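Chemist: need a 3D model of the sequence below.
(one chain, ligands or ions: 2)
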Amino acid sequence: MNSPLSDYLSYSLQHYTQWKAFSGTIGSAIAFKSEVPGVLLITPIAEQTPCKRIILSCGIHGNETAPIEICNALIRDIYEEKLSCQHELMFVFGNLPAMQIAKRFVDENLNRLFDPEASTLSGLLEEEANQDMLNLEEHRALVLKHAVDNFFSNASSEQQLIHYDLHTAIRPSKNEKFAVYPYLHGRPYCKEQLQFLSDCGVNTILLSQTPATTFSYYSSRKFGAHAFTVELGKVKPFGENDMASFTAVTHMLAQLIKKEAVRISKYEDCPLEIFTVNQVINKTKDDFSLHFSDDAANFTAFKKGEVLASESGAEYCAEYDGEAIVFPNAQVALGQRALLTVIPCEL
Ligand SMILES: O=C(O)CCC(=O)N[C@@H](CCC(=O)O)C(=O)O
Ligand SMILES: [Zn+2]
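Modeler: Ligands and ions are numbered 1, 2, ... in the order given. Purely as a prediction, here's the structure:
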């Protein structure tokens, strides 16, 4: 029988309902274990503590397949010893049941359930009564938060903590690859991280200005990790992604995994475009509608005063010339973000 690591994605999709924890070694240099479905730990067997703990997560939205295929290929390369591993790694395949049905989610958006202030697994799941009350994504968020807590809270104080939560966007984007930098509550931005992302082909960065309940915000806020939501292109079904457009990101992630220190371009040489989030527009009424076409791309800019969206009792307008739209989606649940607007800024 093939090892689960030769195609961890297929193995996880096939076995997630009756998961049996497994562990093992690859040669004499790497140990691995997977105690819960879709969460794989890879640890170098070495006397010295590795200098980084890295989470690569994908499929938090089940239909965002390119990052899932990238992570699966990295795992296969590690298993086949084509890719060595210098650091402690955790791969997360977020929403396996949603992947099965090729949907963003089953019951609700998993990437709105990572509130760092909310109860944790030990507090909630221990009480059986609570388990029956949780929907699929609520349960999964608790499992994933628990996995992240274990992984990051056991790190040594010298280890750098990194979390790249890899996604693809629903709409096409004028700036095809971009990253959301979670709100840092006054912590400094890390230019080296932006240099790394730029070398991945991710040259557009959105600086969030408010707390969120996303996976990357969770790692950033709770553990001070260098954490980003990274958008790598547009949603496509499994097998339909143009893998050539991910050469740079795949190469840089492999470098990150195998090198003690990755060579990155100088900040001045990175063609970065930085935006700050100006408005977070939530849908609060059923009649919420967007005032631009369904195929308007992310980063389409508007003039000051143009109406971007409306709902009973409210009209949402561009506040600046050149204010651009990101992640517009009128179909979100009430109370959730239906649109971000961004304006260019300097870091
Ligand atoms: O294209 C879209 O509308 C959504 C793509 C996506 O899943 N984006 C993430 C961004 C998370 C963040 O703001 O850090 C999401 O909406 O969860
Ligand atoms: Zn997503």
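Chemist: only C-alpha atoms from now on, for both contacts and neighbour counts.
Modeler: OK.
Chemist: longest single helix anywhere in the chain?
Modeler: helix 136-153 (DSSP state H).
Chemist: contacting residues around that one?
Modeler: For helix 136-153, the surrounding residues in contact (C-alpha atoms under 8 Å, 6 or more residues apart in numbering) are 39, 53, 90, 94-95, 105-110, 113-114, 120-121, 131, 161, 219, 223.
Chemist: close to ligand 2: what parts of the stretch 1-150 of the chain are there?
Modeler: residue 61 (C-alpha under 5 Å from the ion).
Chemist: just the element for the closest residue to ligand 2 within the chain, please.
Modeler: Nearest to ligand 2, among the residues of the chain, is residue 167, at 4.5 Å (C-alpha to the ion). Per DSSP states H and E, residue 167 falls inside strand 160-169.
Chemist: what packs against that strand?
Modeler: strand 52-58, helix 65-79, helix 215-223, strand 226-234 (3 or more C-alpha pairs under 8 Å, 6 or more residues apart in numbering; DSSP states H and E).
Chemist: how about that strand as PDB, C-alpha atoms only?
Modeler: What follows is strand 160-169, C-alpha atoms only, in PDB (Å, rounded to 0.1, in the frame of the first residue of the first chain):
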ATOM      1  CA  GLN A 160      10.400  32.300  14.200                       C
ATOM      2  CA  LEU A 161       6.700  31.500  13.800                       C
ATOM      3  CA  ILE A 162       5.200  31.700  10.300                       C
ATOM      4  CA  HIS A 163       1.700  31.000   9.000                       C
ATOM      5  CA  TYR A 164       0.800  31.300   5.300                       C
ATOM      6  CA  ASP A 165      -2.900  30.600   4.800                       C
ATOM      7  CA  LEU A 166      -3.200  30.000   1.100                       C
ATOM      8  CA  HIS A 167      -6.400  30.900  -0.800                       C
ATOM      9  CA  THR A 168      -7.700  31.800  -4.300                       C
ATOM     10  CA  ALA A 169     -10.200  34.500  -5.000                       C
END
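Chemist: partner strands of that strand, parallel or antiparallel?
Modeler: strand 52-58 (parallel), strand 226-234 (parallel) (DSSP bridges).
Chemist: can you give me the helices for the stretch 201-347 of the chain?
Modeler: 215-223, 247-258 (DSSP state H, counting those that start in this stretch).
Chemist: identify whichever of those lies nearest to residue 192.
Modeler: Each of the helices of the stretch 201-347 of the chain has some distance to residue 192 by C-alpha to C-alpha; the shortest is helix 247-258, at 12.7 Å.
Chemist: please name every helix or strand in contact with that closest one.
Modeler: Counting by 3+ C-alpha pairs under 8 Å, 6+ apart, helix 247-258 packs on helix 191-199.
Chemist: which positions within the helix it packs on qualify as buried?
Modeler: 193, 194, 195, 196, 197, 198, 199 (16 or more other C-alpha atoms under 10 Å).
Chemist: which residues in the stretch 1-150 of the chain form strands?
Modeler: Along the stretch 1-150 of the chain, the stretches classed as strands by DSSP state E, counting those that start in this stretch are 22-26, 30-36, 39-44, 52-58, 88-93.
Chemist: that older thread, a markdown table for the helices and strands packed on strand 160-169, including mean neighbour count and mean pLDDT?
Modeler: Shown next, in a markdown table, are the helices and strands packed on strand 160-169 (neighbours: other C-alpha atoms under 10 Å; pLDDT from 0 to 100):
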| stretch | mean neighbour count | mean pLDDT |
| --- | --- | --- |
| strand 52-58 | 24 | 98 |
| helix 65-79 | 22 | 98 |
| helix 215-223 | 24 | 98 |
| strand 226-234 | 24 | 98 |
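Chemist: out of those, nearest to residue 34?
Modeler: Of these, nearest to residue 34 by C-alpha to C-alpha is helix 65-79, at 12.4 Å.
Chemist: ok, and what's touching the closest one?
Modeler: Counting by C-alpha under 8 Å, 6+ apart, 5-9, 26, 56-59, 83-85, 91, 93, 166-168, 232, 235-238, 241, 243, 250, 254 sit against helix 65-79.
Chemist: save the helices of the stretch 201-347 of the chain as JSON lines, and put in distance to residue 308 too.
Modeler: Below are the helices of the stretch 201-347 of the chain laid out as JSON lines (distance: least, C-alpha to C-alpha, whole Å):
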{"stretch": "helix 215-223", "distance to residue 308": "26"}
{"stretch": "helix 247-258", "distance to residue 308": "33"}
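Chemist: any weak-confidence spans in the protein?
Modeler: 1, 121-131 (pLDDT under 70).
Chemist: enumerate the residues of it near ligand 1.
Modeler: 111, 167, 168, 169, 170, 171, 180, 214, 229, 327, 328, 329 (C-alpha under 6 Å from any ligand atom).
Chemist: mind running it again at 5 Å?
Modeler: 111, 169, 170, 229, 327 (C-alpha under 5 Å from any ligand atom).
Chemist: check contacts around the residue lying closest to the last one once chain neighbours are set aside.
Modeler: Sequence neighbours aside, residue 339 is the residue nearest to residue 327 in space, at 5.5 Å (criterion: C-alpha to C-alpha, 6 or more residues apart in numbering). Residues near residue 339 by C-alpha under 8 Å, 6+ apart: 280, 281, 282, 325, 326, 327, 328, 329.
Chemist: try residue 344
Modeler: 273, 274, 275, 276.
Chemist: quick one: which of these is most hemmed in?
Modeler: Within the contacts of residue 344, neighbour counts (other C-alpha atoms under 10 Å) peak at residue 275, which reaches 21 neighbours.
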